[in-house]
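>>> structure for this input, please:
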Amino acid sequence: KVISGFKNKVQATLGNVTPDSTLAHMMNEQQKPVDKE
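Purely as a prediction, here's the structure:
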């Protein structure tokens, strides 16, 4: 069973040690619309 919020905690931890430019790129990739064909 996946722990609710675990992914968010991991991302928050990574956010503390990741450069802003890399973090911005990761967020941009996650927020792109999914193209289902």
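>>> what about the nearest residue to Leu14 once chain neighbours are set aside, how many neighbours?
Leaving aside its chain neighbours, Leu14 sits nearest to Leu23 (7.7 Å; criterion: C-beta to C-beta, 6 or more residues apart in numbering). Placement of C-beta: from N, CA and C, glycine included. Look at Leu23: counted by other C-beta atoms under 10 Å, it has 15 neighbours.
>>> point out where this structure drops to low pLDDT.
1-4, 15 (pLDDT under 70).
>>> pull out the buried positions in the helix or strand containing the residue nearest to Leu14.
Under the criterion DSSP states H and E, the helix or strand holding Leu23 is helix 20-31. By 16 or more other C-beta atoms under 10 Å, helix 20-31 has no buried positions at all.
>>> returning to that earlier point: what's the spacing between the residue nearest to Leu14 and Val34?
Distance, Leu23 to Val34, using C-beta to C-beta, to the nearest Å: 21 Å.
>>> Thr18: neighbour count?
14.
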